[in-house]
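*Asks:* sequence unknown, structure follows:
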C-alpha cells in the first residue's frame, strides 16, 4: 500500500469567486494525530470537505493511499461538525453507528448480528452502550458527539477526518475523545482534526497544520507551534497570554 495516507497537491477552492483555499500542497505521514488550526474563515472545514469530494475544487489533486478518494472510501472515516447534522431525524444511537458498517457490506446486504455486535462494541468504547436504543434527538451534545465517534470507529478506517470534535462537549467527553484518538494512533491509524483550542494543541497533536486560506506551515508540533508562526497565521487576532509559554494562548473568536 502507498505509504502516504493523504497527499494533496495544488488544491484551490472558491465560493462565489472568492478564494477560500489557495494552492494547498502537503503530504500526511502515517500513524499521526494531526491538528488543523487557523482563524475563522481560514478554510479548515473546507479543506476536509474538498479532500472528501463533498464540495467542488477549482483545481488540485487528492489521493488517499495513492488513489482517488472514490476508490478508497472504505479506508476513510469522517466525523462532521455536530451542527451540520439533522438531529431530529427519527433514528436511534445504535442505527447511526451501524451506518458505519455499510461500506463493508456491499449492495443489498442488510447488517446482521455481526454488524450489530461491532456497533455495540464501538458504543461501549465511547461509553454509550447504555444509550443504544435512545433517539439521537434526546441525547446531549456530548453524547451526540460520542455517537458520531462510535460510527467512525465502526467503519474501521485507516484515515480519519474529524471536524471540530471537541466543540460544545463537556470535559469528560473531551477526555474520552482524546483517549480514543490515541487508541486509533496506537493501531497505526492517521487522524486529522480541525481544532480551535490552542491551549491543548501541544498536548493533543503530534503534527500541526497552520492554515489561513494558504498553508502557513505543516510539520511536527514542536516545530510549527511557535509564537512567530502563530502570529503569521492569526495576524492581529492572536493574543499571547504568556510569552514564555506559547501554548498558553487565546484567540479572539474561533
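*Replies:* Now that the structure is in, tell me what you want to look at. Computed from a predicted structure; not experimentally measured.
*Asks:* excluding its backbone neighbours, what's nearest residue 44?
*Replies:* residue 194 (4.5 Å; CB to CB, 6 or more residues apart in numbering). Bear in mind the C-beta positions are built from the backbone N, C-alpha and C, glycine included.
*Asks:* Let me know the distance separating the one you found from residue 34.
*Replies:* 10 Å (CB to CB, to the nearest Å).
*Asks:* Excluding sequence neighbours, find me the nearest residue to the residue nearest the centre of the chain.
*Replies:* With distances taken as CA atoms, centre = their mean, the residue of the chain nearest its centroid is residue 162 (1.4 Å). Spatial nearest neighbour of residue 162, chain neighbours left out: residue 79 (4.3 Å); criterion: CB to CB, 6+ apart.
*Asks:* How many neighbouring residues does that neighbour have?
*Replies:* 22 (other CB atoms under 10 Å).
*Asks:* sorry, back to before: please read off the pLDDT at the residue nearest to residue 44 from the model.
*Replies:* Looking at residue 194, its pLDDT is 96.
*Asks:* Kindly report the same for residue 21.
*Replies:* 97.
*Asks:* just checking, it is part of a strand?
*Replies:* Yes. Applying DSSP: H, G, I helix; E, B strand; the rest coil, one finds residue 21 inside a strand.
*Asks:* Strands of the stretch 1-150 of the chain, residue ranges please.
*Replies:* Along the stretch 1-150 of the chain, counting by DSSP state E, counting those that start in this stretch, strands occupy 6-15, 18-28, 33-37, 59-64, 76-79.
*Asks:* would JSON lines of these with distance to residue 115 be doable?
*Replies:* Formatted as JSON lines, those follow (distance: least, CB to CB, whole Å):
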{"stretch": "strand 6-15", "distance to residue 115": "27"}
{"stretch": "strand 18-28", "distance to residue 115": "29"}
{"stretch": "strand 33-37", "distance to residue 115": "28"}
{"stretch": "strand 59-64", "distance to residue 115": "24"}
{"stretch": "strand 76-79", "distance to residue 115": "16"}
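*Asks:* among these, which is nearest residue 44?
*Replies:* Of all the strands of the stretch 1-150 of the chain, the one in closest proximity to residue 44, counting by CB to CB, is strand 33-37 (5.1 Å).
*Asks:* Now do the closest one against strand 6-15, angle only.
*Replies:* Per axes from the mean of the first three to the mean of the last three CA atoms, to 10 degrees, the angle that strand 33-37 makes with strand 6-15 is 20 degrees.
*Asks:* pLDDT on strand 33-37, on average?
*Replies:* Computed over strand 33-37, the average pLDDT equals 97.
*Asks:* any low-confidence regions in the protein?
*Replies:* For the chain, the stretches with pLDDT under 70 are 1-2, 102-112, 236-254.
*Asks:* before we move on, back to that, just checking: what are the partner strands of the helix or strand encompassing the residue nearest to the centre of the chain?
*Replies:* For residue 162, the element it lies in under DSSP states H and E is strand 159-163. Strand pairing for strand 159-163, using DSSP bridges, gives strand 76-79 (parallel), strand 190-194 (parallel).
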